[in-house]
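# here is my input; please provide its structure:
(chains A, B, C, D, E and F)
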4 protein chains.
Amino acid sequence: MQKNPQPGRPRSEKARTAILDAVRETLLASGYSGLTMEAVASRAGVSKATIYRWWPTRGALALEAAGGQIAIGTVPATDDPLADVESAIDQLIETFSRPLASVVIFAAIATGADDPEMAARFRAEYVYPWRVTAAEAIRRATGGEDDEAVQFLLDVIVGTVFQRTLVLKEPNTADLKWRLMALIFR
Amino acid sequence: MQKNPQPGRPRSEKARTAILDAVRETLLASGYSGLTMEAVASRAGVSKATIYRWWPTRGALALEAAGGQIAIGTVPATDDPLADVESAIDQLIETFSRPLASVVIFAAIATGADDPEMAARFRAEYVYPWRVTAAEAIRRATGGEDDEAVQFLLDVIVGTVFQRTLVLKEPNTADLKWRLMALIFR
Amino acid sequence: MQKNPQPGRPRSEKARTAILDAVRETLLASGYSGLTMEAVASRAGVSKATIYRWWPTRGALALEAAGGQIAIGTVPATDDPLADVESAIDQLIETFSRPLASVVIFAAIATGADDPEMAARFRAEYVYPWRVTAAEAIRRATGGEDDEAVQFLLDVIVGTVFQRTLVLKEPNTADLKWRLMALIFR
Amino acid sequence: MQKNPQPGRPRSEKARTAILDAVRETLLASGYSGLTMEAVASRAGVSKATIYRWWPTRGALALEAAGGQIAIGTVPATDDPLADVESAIDQLIETFSRPLASVVIFAAIATGADDPEMAARFRAEYVYPWRVTAAEAIRRATGGEDDEAVQFLLDVIVGTVFQRTLVLKEPNTADLKWRLMALIFR
DNA sequence: ACTTAAGCGAGACGGTACGTCTCGTCTTAAC
DNA sequence: GTTAAGACGAGACGTACCGTCTCGCTTAAGT
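Just a heads-up that it's a prediction; the model follows:
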């Protein structure tokens, strides 16, 4: 027999969905710089106040709207550690190739300059899970490197893939995985 | 006996200097997002029209103002190729550690999403010279790898250093060079 | 049981009043040429957008702000038609002597060169009512002149009073009415 | 072997003419509000500084450029004083009908609000000569009215013609003269 | 059924910055 | 010394978004 946990009109799921859809459409159509609150409100048929009631900044909005697209998948632990590392690299490349990824990841990194909190949240929510499981795979594949060495290899992988796919927009990702594997494991 | 090469009042070197100084001060004080044309004009004691007369966008302004800070130095070719590669990595780390570098490089990358031309100019002017000479050093140090392999190694170096120093803001850069050297040459 | 007749936040009467007051103060202090949107906004403690939301041009703003000062009063129809014509002339002289009248009437006439619509609105709203009732008074006082003759006499009255009080800024208006009465009625 | 009476390059008559022509063209094409110094300079193929060297304001410029069009002709003194008054009214109507007159006279009056000096110069140079000779004609035609009465009649004439032709833009000026004559001389 | 309280749309509000325009002044080299 | 060219500081233009606010109206749960 619980108390009314929240009196009043409940949050409109319809508005929430319309807003997040509008954010995705706007990001794809106009990029992060075109993601204005007014544009989102207008496209979603929603009042600006409703957006601000639930998301403090457009960064938070973009992050939540694109969440499903930018979360890097975790790496399973099979009994073939090399295959697991391969799989970690695949996850990374695949995520970075998604339509919204480039837009939102750039924004997250660039906004990080002004707003470290958002950058931290981005990493914690969307990168960290992959990082932990990928680290485990590398540790096993390399036969027990110390943590610093593993973290370094993760940075090599992330940095290189980021550079190739997002900064240089190199479309050919086929040999990227093999080159990285060869580099790391002799 | 040449004709007047440029009629009219010549460009004021004083205004130019004041503007570029104001840009640097503003970038350091308020970041790229605080770099408004009005702020620069006001700090430089200059009219907005004068800024727009010479720079079309704040991106161009930031690039020119920070130019000296973000140009990665080229790599000399000595008869110790390994030392040359070390030197290339040093140049990169040292450039990325300069006060303005983080701000402007993030901006260049983020703006690149909207304005590929600026990203291209950034690379051509400030990165490419280093890249060419660093590639040559790697080629010699590795005993004549093919170009694709060399480019890949450059991306590994740039990506890793970018990731470590700018994205993760890892202050400890001491072992970064040695880890990269060890990774590449065995 | 009516529906919400106007959705959204209602117009701020405070802002409206502050703007119109600021317009009047600015007109008196700096004339029509000093009536900039920025000056009004600043003096009224209001954003420029709020002004533009409700008035399309500074002309419309001046007209509305000064409306009460430049509307020429209508002429009552008593059973002494000569007294009514006198009263019509008095109204005119009195209106033209008000503090804002000179500034705004000049502006309305001068702007009329570029923007006939504003001149038309000025006449329709602030002059026409007087003109109709004054015409009726003249008609009765002259014993039924045809309309063209009456309109001509109105132009004589308006033109002469305008010339004397506003163009020549002749302060002595005492004999103006009597001279006009004498001219028109022998 | 005379001394150089004025050292240096003499004033370019060509530039002067080009400027005044450009002023007239601009006034006709864009009205007084379109008469910007930049527009005149550009149309005349002349530098702005050259304009400012010789005319202090655009008002002075307009007045000089349009001078020939807005000077009201003087009234001859024949032995038919009534005909002379008629002639005075004709001069007025004819002047007010010239292409540039409306534009410049409005400007002179409107600018008069800010800059009384210009209004005074306008009257002294372009209206006063007519006014003196017209006053003389009226004095003779009315058999020696006192000066105040004559000045009043002049204001009636000027005011009425201004009102009809310039403010109301009434194109039919045929009966205007006769109505004024009838009003003044019974 | 009635009350209460939050959610919602619409849209006005004070601000800030935008990029453009014209002003009147200035600085140069050519004439 | 005057000219054309054109850069300059100043400051208003009208527009776009910002984040906040004030309305009247839903929409449900608790009475």
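
# list the contacts for A:T160?
A:L176, A:L180, B:F152, B:D155, B:V156, B:G159, B:T160 (C-beta atoms under 8 Å, 6 or more residues apart in numbering or on different chains). In this view, the C-beta of every residue, glycine as well, is placed from N, C-alpha and C.

# can you check A:V158 too?
A:V158 touches A:L92, A:V127, B:G159, B:Q163, counting by C-beta under 8 Å, 6+ apart.

# 10 Å instead?
Taking C-beta atoms under 10 Å, 6 or more residues apart in numbering or on different chains, we find A:V158 in contact with A:72, A:89, A:92, A:96, A:127, A:130-131, A:134, B:159-160, B:162-164, B:167-168.

# mind checking which of those residues land in helices?
Secondary structure from DSSP state H places A:I89, A:L92, A:F96, A:W130, A:R131, A:A134, B:G159, B:T160 of the contacts of A:V158 in helices.

# from those, pick the one nearest chain C.
Using C-beta to the nearest C-beta, A:F96 is the member of the ones in helices among the contacts of A:V158 that lies nearest chain C, at 41.4 Å.

# so what's the closest one closest to, chain neighbours aside?
Spatial nearest neighbour of A:F96, excluding adjacent residues (C-beta to C-beta, 6 or more residues apart in numbering or on different chains): A:T165 at 4.5 Å.

# and the spatially most central residue of chain A, what pLDDT?
Among the residues of chain A, A:I70 comes closest to the average C-alpha position under C-alpha atoms, centre = their mean, at 2.9 Å. In this model, A:I70 is scored at 95, pLDDT.

# ok, it touching A:A101?
Yes: the pair A:I70 / A:A101 is scored as a contact, 5.4 Å apart, by C-beta atoms under 10 Å.

# quick one on the thing from earlier: for ChimeraX, write a command that selects the buried ones of the ones in helices among the contacts of A:V158.
In ChimeraX, a selection of the buried entries from these looks like this (16 or more other C-beta atoms under 10 Å in any protein chain shown):
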select /A:89,92,96,130,131,134 /B:159,160
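
# filter the ones in helices among the contacts of A:V158 by proximity to DNA strand F?
The overlap between the ones in helices among the contacts of A:V158 and the neighbours of DNA strand F (C-beta under 7 Å from any atom of the strand) is empty.

# what's near enough to touch A:S12?
Taking C-beta under 10 Å, 6+ apart, we find A:S12 in contact with A:A18, A:I19, A:V46, A:T50.

# who wins for neighbours among those?
A:I19 (24 neighbours; other C-beta atoms under 10 Å in any protein chain shown).

# domains for chain A, by residue range?
A:13-54, A:68-184 (automatic domain parsing).

# quick one: which of the ones you listed is nearest C:T26?
Closest approach to C:T26 among the domains of chain A (C-beta to C-beta): domain A:13-54, 31.5 Å.

# coming back round to it: dump the ones in helices among the contacts of A:V158 to TSV, plus pLDDT.
What follows is these, written out as TSV (pLDDT from 0 to 100):
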residue	pLDDT
A:I89	97
A:L92	97
A:F96	95
A:W130	98
A:R131	97
A:A134	98
B:G159	97
B:T160	98
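
# now do the biggest helix by length in chain A: which elements does it pack against?
With secondary structure taken from DSSP H, chain A has its longest helix at helix A:13-30. If you count contacts as 3 or more C-beta pairs under 10 Å, 6 or more residues apart in numbering or on different chains; DSSP states H and E, helix A:13-30 packs onto helix A:37-44, helix A:48-54, helix A:58-70, helix A:99-114.

# of all those helices, which lies closest to D:L82?
Using C-beta to C-beta, the nearest of those to D:L82 is helix A:37-44, at 73.0 Å.

# so the closest one versus helix A:58-70, what angle?
Angle, helix A:37-44 to helix A:58-70, by axes from the mean of the first three to the mean of the last three C-alpha atoms, to 10 degrees: 50 degrees.

# list of residues touching helix A:37-44?
By C-beta under 10 Å, 6+ apart, the surrounding residues in contact with helix A:37-44 are A:14-23, A:25-27, A:29-30, A:36, A:46-52, A:55, A:57-58, A:61-62, A:65.

# which SSE is the nearest residue to A:R164 once chain neighbours are set aside in?
Distances taken as C-beta to C-beta, 6+ apart place A:E170 nearest to A:R164, at 4.8 Å, with adjacent residues excluded. Assessed by DSSP states H and E, A:E170 sits outside every helix and strand.

# now A:E170: how far from A:L154?
Look at A:E170 and A:L154: by C-beta to C-beta, to the nearest Å, they are 21 Å apart.

# rounded mean pLDDT for the longest helix of chain A, please.
Rounded mean pLDDT across helix A:13-30 is 96.

# is it true that A:K177 touches A:D90?
Yes: the pair A:K177 / A:D90 is scored as a contact, 6.5 Å apart, by C-beta under 10 Å.

# looking at the two, which is more packed in?
Neighbour count, other C-beta under 10 Å: between A:K177 and A:D90, A:K177 has more, with 19 against 14.

# near DNA strand E, which residues of chain A show up?
A:6-12, A:15-16, A:18, A:45-50, A:53-54.

# in ChimeraX, how would I select the buried members of those residues?
Of the residues of chain A next to DNA strand E, the buried ones go into a single ChimeraX selection, burial set by 16+ other C-beta under 10 Å:
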select /A:15,16,18,46,50
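
# appreciated, that's everything.
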